[in-house]
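Trainee: quick check, what structure comes out for this input:
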Amino acid sequence: MDPKPLRRSERKKPIKTVANATDQTSGGRPRHPSQNSDVNESSSHAPVDGVRVTSYRHDEPPSASVKETTVAHTSTPSGLDPLHLEPGGIITVMQALKEKPRKSPLLIAVSKGTTNVLKSSPNNKEKPFSGPKLRQIVAVPNLVDQLVTLVEKQLQGLAMDRKGPFAASILPQHSSLNLPLATITEKDSEVIFRTTFLNTAITVLRYAKAKGASKVTNLKSSIDIMTYSETEEFKETFPFFVSSMKGATHITDIALWELVSKPTGPADATVVKIISRLLIEMKTEAALLPTTLNNVAGPFSRDMKNVHGYATQFIWPKSRAMCRTLTSADRILTQVWCQLVHHNVSYAILSNGSLVYLLYRKTVAGAGDQQGIHNTTLFISAITQHPILAVYAWISLASNSFSDSYELKVPKVNISWWSKVTSKAVGRSGINIKTLPEMALETIKPPDEDALTDNEDAFTDYTEENF
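Mentor: Residues are numbered from 1 along each chain as shown. Next up is the predicted model:
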């Protein structure tokens, strides 16, 4: 006897899979099994490479939903949110540098360690540090701003198709496609920084150098200039590259090098020499938080104009016991300082793969008090709002790509105010918290108009801006 056919209402309904199941709390978009339906949507933001990002950048507010049209990338796993693709169109290279870098979706870095370069031991292979000791730290929150006009002039006229081949090397929506899915170690942060920041900066620097040579090569259009920069003929004349640094003493994670060939003796004999121009120190996101250096570098909640150039005192440890009291911020700053001095470099970048600090050590030839002050002073920016642009500008400056005669403008260092807040006898090494920039605002206040004294001129000297 044939089985009785089922009526329409008795047929089994198809079971929805993860790939097509939706959740009302996600705005109707597919959800990954690991994304609980009771999790508020505000805990995630724009997807990257098909995976929802579950933590925000320090300078990026959370987004309740993504309204833009998204297109699934070929690498997007089934059931995960697709990659957001920007619309096509022409974009200048300057605009590309201002775009925000994308983030890896999972941030599970657990390593918080920072090498204490000042703590020596019998088994320590590193040589003890010798050279000028860090004494002052001067916050210049907008240190990179003075370079933006130079970058605009340098890259003027260079543009490309947002979906073209040249954009694939610059725009973070393309360069971040293959980033690691988690920053477990410092090496993962290094991979992110190399891919999103360094590769972009070196590529754009090639474009700028090729543009400078266009008068000789008779190149007219942006496409011709950028195409020429990719040729072997041009690359043989391009002297800059990035790589790790050799040695066992005060090694930095990455360095910008310049290849210098000097003829010696016969016409066909040359000596190849490489010079380090810029140092890059990487940390995990657990070791370098957005708040790790904010009290000494900024950004500050108040206007710091009246204390521009006021230095934070750094007390160099005099014994091994004093080295043990150094905080994470102290260790990071001493590590960068020792690298700059040991390799005789003026420019450095500190990053965790997301946020970027610019650091500068000014060396002054000749005699005088200012020589001693500057040779023991570290200038530091706040976290940059356009990190890719900042990295490019700093690399251009370090490589003398703006002008050989251009000198970075920094404020005059003021340490005379320390006597008002601290005594010479300080127990702990590292950053003297009594001399932080915001403490200067509390301590050094403009005199009342009704109570002007003979010290008015001295106060004016302290607060004068010297850019």
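Trainee: what about dumping the CA coordinates of the longest strand along the chain to CSV?
Mentor: If you go by DSSP state E, the chain has its longest strand at strand 270-282. Extracted C-alpha coordinates of strand 270-282, given in CSV (Å, rounded to 0.1, in the frame of the first residue of the first chain):
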residue,chain,number,x,y,z
THR,A,270,82.6,51.1,-4.6
VAL,A,271,82.0,50.7,-0.9
VAL,A,272,78.4,49.9,0.0
LYS,A,273,77.3,51.4,3.3
ILE,A,274,73.9,51.4,4.9
ILE,A,275,72.8,54.1,7.4
SER,A,276,70.0,53.8,9.8
ARG,A,277,67.6,56.8,9.5
LEU,A,278,64.7,55.9,11.7
LEU,A,279,64.0,53.3,14.4
ILE,A,280,60.7,51.6,15.1
GLU,A,281,59.9,50.0,18.4
MET,A,282,56.9,47.6,18.6
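Trainee: what helices or strands is that strand leaning on?
Mentor: In terms of contacts (3 or more CB pairs under 8 Å, 6 or more residues apart in numbering; DSSP states H and E), strand 270-282 is packed against helix 186-193, strand 254-263, helix 328-342, strand 347-351, helix 387-398. Bear in mind the C-beta positions are built from the backbone N, C-alpha and C, glycine included.
Trainee: go through those and name the closest to His374.
Mentor: helix 328-342 (12.7 Å; CB to CB).
Trainee: show residues contacting the closest one.
Mentor: 112, 114-118, 129, 131-132, 134, 137, 249-252, 279, 281, 283, 287-288, 292-293, 296, 314, 326, 345-346, 348, 350, 359, 361, 378, 429-431 (CB atoms under 8 Å, 6 or more residues apart in numbering).
Trainee: buried residues in the longest strand of the chain, which are they?
Mentor: Using 16 or more other CB atoms under 10 Å as the burial criterion, the residues of strand 270-282 that qualify are Ser276, Arg277, Leu278, Leu279, Ile280, Glu281, Met282.
Trainee: the stretch 101-250 of the chain: helices as residue ranges?
Mentor: Using DSSP state H, counting those that start in this stretch, the helices of the stretch 101-250 of the chain run over 145-154, 172-175, 186-193, 199-212, 214-217, 222-229, 232-235.
Trainee: the helices and strands packed on strand 270-282: lowest mean pLDDT?
Mentor: Per-stretch mean pLDDT for those is lowest at strand 254-263 (a mean of 84).
Trainee: partner strands of it, parallel or antiparallel?
Mentor: Paired neighbours of strand 254-263 in the sheet (DSSP bridges): strand 240-243 (antiparallel), strand 270-282 (antiparallel).
Trainee: give me the neighbour count for Ser130.
Mentor: 9 (other CB atoms under 10 Å).
Trainee: distance check, it against Leu279.
Mentor: 18 Å (CB to CB, to the nearest Å).
Trainee: ok, now Asn294?
Mentor: 22 Å.
Trainee: to Tyr207, which of the strands paired with strand 254-263 lies closest?
Mentor: Nearest to Tyr207, of the strands paired with strand 254-263 and by CB to CB, is strand 240-243 at 12.8 Å.
Trainee: what is the rounded mean pLDDT of that closest one?
Mentor: 92.
Trainee: what sits up against it?
Mentor: 194, 198, 202, 205, 254-259, 277, 280, 399.
Trainee: got these as JSON lines, with distance to Ser169 columns?
Mentor: Output for the contacts of strand 240-243, formatted as JSON lines (distance: CB to CB, whole Å):
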{"residue": "Arg194", "distance to Ser169": "13"}
{"residue": "Leu198", "distance to Ser169": "12"}
{"residue": "Ile202", "distance to Ser169": "9"}
{"residue": "Leu205", "distance to Ser169": "12"}
{"residue": "Ile254", "distance to Ser169": "18"}
{"residue": "Ala255", "distance to Ser169": "21"}
{"residue": "Leu256", "distance to Ser169": "18"}
{"residue": "Trp257", "distance to Ser169": "20"}
{"residue": "Glu258", "distance to Ser169": "21"}
{"residue": "Leu259", "distance to Ser169": "21"}
{"residue": "Arg277", "distance to Ser169": "21"}
{"residue": "Ile280", "distance to Ser169": "19"}
{"residue": "Ser399", "distance to Ser169": "18"}
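Trainee: most neighbours out of these, which is it?
Mentor: Busiest of the contacts of strand 240-243 [other CB under 10 Å] is Ile280, holding 28 neighbours.
Trainee: thought it was touching Met245?
Mentor: No: with contact defined as CB atoms under 8 Å, Ile280 does not reach Met245; the gap is 9.6 Å.
Trainee: shared neighbours of those two, which are they?
Mentor: Counting by CB under 8 Å, 6+ apart, the shared contacts of Ile280 and Met245 are Thr252, Asp253, Ile254, Ala255.
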